[in-house]
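1. here's my sequence, what's the structure:
(one chain, ligands or ions: 1)
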Amino acid sequence: MVNVEKFIENAVNEIREAAGNGNVVMALSGGVDSSVCAALGAKAIGERLKPIYVDTGLMRKGETERIRTLFADLDLQITDAGDEFFDALRGVTDPEEKRKVIGELFIRIFEREARRTDAKHLLQGTIYPDRIESEGGIKSHHNVGGMPLHIEFEKVIEPLRDLYKDEVREIAGGLGLPVEIQHRMPFPGPGLAVRVIGEVTREKIEVVREANAIVEEELIERYRPWQCLAAVLGLGTGVKGDVRLHGWIIAVRAVHSTDAMTAEPLVLPFETLERMASRITADIAGVSRVVYDVTPKPPATIEYE
Ligand code: XMP
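-> Alright, predicted model coming up:
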């Protein structure tokens with residue numbers, strides 16, 4: 001366990017020293033790691049920290065507004081890149097290819113925006129398991145931490161490099177970040193794209209965004225899952241308002257885990273499952289069927305792609 005106050009003091013000093021009198025750019029996603037980095041950076045160098053939030057169009061419902069409000073004190077640059085992501089993803093159906101397209105486009109956009117900030121250095125929220133996982137090469141994790149940029153930075157500052165996730169959460173508490181950030185569920189870098197089987201379209205993303213919001217509302221407070229989500233599996237036959245409908249099939253997944261390497265499905269009361277199914281089918285016009293995924297990891301992964 002870390003000594004929170006000492007860690008914050010050291011990290012602030014590290015950033016301040018590394019920055020000298022230059023600007024420092026960083027990618028803020030709103031997850032706990034990058035939020036902690038932003039808070040440390042702001043404490044260390046104030047307005048010389050240039051955080052950038054790239055709205056990929058693949059974020060959760062209300063995410064961009066949430067970030068804008070949470071970080072209202074920072075000079076946060078919000079870049080709306082949804083069109084670029086949907087264009088790049090047209091026709092892409094292979095899961096690994098999808099991740100690659102998203103990861104590379106993210107980096108290109110971040111580079112483009114970062115050049116405008118006149119930053120000498122890069123601040124990243126890389127944590128210890130990120131380093132281990134990318135060294136292991138398990139799957140092409142699109143993570144803002146450790147991204148290969150074609151910009152020459154004098155320094156790459158990674159104050160969280162030796163921390164585990166639970167330690168980062170403690171630091172978030174020490175920095176006075178909202179409880180909501182401290183306990184945020186993990187959300188994958190490629191966003192809702194890995195919760196859509198096959199080609200990513202605006203329609204599928206809208207459907208899965210609404211379904212994820214309902215699942216989170218129904219499950220987070222009451223059952224405190226390690227992670228919960230909804231995914232669009234494909235089309236199937238249904239009947240809505242007396243008309244047969246070729247509608248979307250939504251899978252709901254909720255798991256317990258400690259490190260995401262393995263996971264167990266939550267045993268949920270049947271009425272909770274029924275309520276989710278009826279809310280999802282009632283609120284989202286194109287959905288005709290909802291299923292609950294009871295597969296552990298392994299063999300299934302937590303995300304769908
Ligand atoms: P899987 O689906 O492999 O996911 O069981 C394990 C955990 O990692 C998250 N995840 C990602 N996180 N970039 C991330 O930063 C990614 O590309 C990525 N893919 C999966 C997933 O949400 C789960 O918590």
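2. show me the helices in the stretch 51-200 of the chain, by range?
-> Using DSSP state H, counting those that start in this stretch, the helices found in the stretch 51-200 of the chain span residues 63-70, 82-89, 95-115, 128-136, 165-174, 179-182.
3. ok, which of these comes nearest residue 36?
-> For residue 36, the closest of the helices of the stretch 51-200 of the chain is helix 165-174, at 5.2 Å, according to Cβ to Cβ. No exception for glycine: its C-beta is placed from N, CA and C like everyone else's.
4. what's next to that closest one, contact-wise?
-> Outside of helix 165-174, the residues within contact range by Cβ atoms under 8 Å, 6 or more residues apart in numbering are 1-2, 4-5, 7-8, 32-33, 35-36, 39, 127, 129, 160, 163, 181-183.
5. let's see 10 Å
-> 1-8, 11, 31-33, 35-37, 39-40, 125, 127-130, 159-160, 163-164, 177-179, 181-184, 186, 258-260 (Cβ atoms under 10 Å, 6 or more residues apart in numbering).
6. how about the CA coordinates for it, as PDB?
-> The C-alpha trace of helix 165-174 is given here as PDB (Å, rounded to 0.1, in the frame of the first residue of the first chain):
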ATOM      1  CA  LYS A 165      -5.400   0.100  -9.800                       C
ATOM      2  CA  ASP A 166      -6.600   0.000  -6.200                       C
ATOM      3  CA  GLU A 167      -3.700   2.200  -5.200                       C
ATOM      4  CA  VAL A 168      -4.600   4.700  -8.000                       C
ATOM      5  CA  ARG A 169      -8.100   4.800  -6.500                       C
ATOM      6  CA  GLU A 170      -6.600   5.600  -3.100                       C
ATOM      7  CA  ILE A 171      -4.600   8.400  -4.600                       C
ATOM      8  CA  ALA A 172      -7.800   9.700  -6.200                       C
ATOM      9  CA  GLY A 173      -9.400   9.800  -2.800                       C
ATOM     10  CA  GLY A 174      -6.400  11.700  -1.400                       C
END
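7. let's have the helices of the stretch 51-200 of the chain in TSV, adding distance to residue 248.
-> TSV is the format used below for the helices of the stretch 51-200 of the chain (distance: least, Cβ to Cβ, whole Å):
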stretch	distance to residue 248
helix 63-70	21
helix 82-89	18
helix 95-115	18
helix 128-136	32
helix 165-174	33
helix 179-182	29
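8. and residue 290, what does it touch?
-> So residue 290 contacts 211, 214-215, 230, 248-252, 273-274, 276-281, 284 (Cβ under 10 Å, 6+ apart).
9. ok, and the closest non-adjacent residue to it?
-> Residue nearest to residue 290 in three dimensions, not counting chain neighbours: residue 277, with 4.0 Å by Cβ to Cβ, 6 or more residues apart in numbering.
10. which SSE is the one you found in?
-> helix 270-283 (DSSP states H and E).
11. hmm, who's touching that helix?
-> Residues outside helix 270-283 that contact it (Cβ under 10 Å, 6+ apart): 207, 210-211, 213-215, 217-219, 222-223, 228, 230, 238, 240, 247-248, 250, 252, 254, 266, 268-269, 287-292.
12. so which of those belong to helices?
-> Counting by DSSP state H, the contacts of helix 270-283 place 207, 210, 211, 213, 214, 215, 217, 218, 219, 222, 223 in helices.
13. next, count neighbours for the nearest residue to the last one once chain neighbours are set aside.
-> With Cβ to Cβ, 6+ apart as the criterion, residue 223 has its nearest non-adjacent residue at 6.0 Å, and that residue is residue 266. For residue 266, the number of neighbouring residues by other Cβ atoms under 10 Å comes to 19.
14. give me the neighbour count for the residue nearest to residue 290.
-> By the criterion of other Cβ under 10 Å, residue 277 has 18 neighbours.
15. near the ligand, which residues of the stretch 201-305 of the chain?
-> Residues of the stretch 201-305 of the chain found near the ligand (Cβ under 6 Å from any ligand atom) are 227, 260, 297, 301, 302, 303.
16. in strands only, show me these.
-> Judged by DSSP state E, these include residue 227 as members of strands.
17. and which of the residues of the stretch 201-305 of the chain next to the ligand is nearest residue 201?
-> Distances from residue 201 to those, taken by Cβ to Cβ, are shortest for residue 303, at 18.2 Å.
18. so where's the stretch 101-250 of the chain shaky on pLDDT?
-> Scanning the stretch 101-250 of the chain with the threshold set as pLDDT under 70 gives 133-147.
19. give me the contacts around the helix or strand hosting residue 11.
-> Using DSSP H and E, residue 11 sits within helix 4-19. With contact meaning Cβ under 10 Å, 6+ apart, helix 4-19 is reached by 2-3, 24, 36-37, 39-45, 48-49, 119-121, 123, 154-160, 162-163, 167, 170-175.
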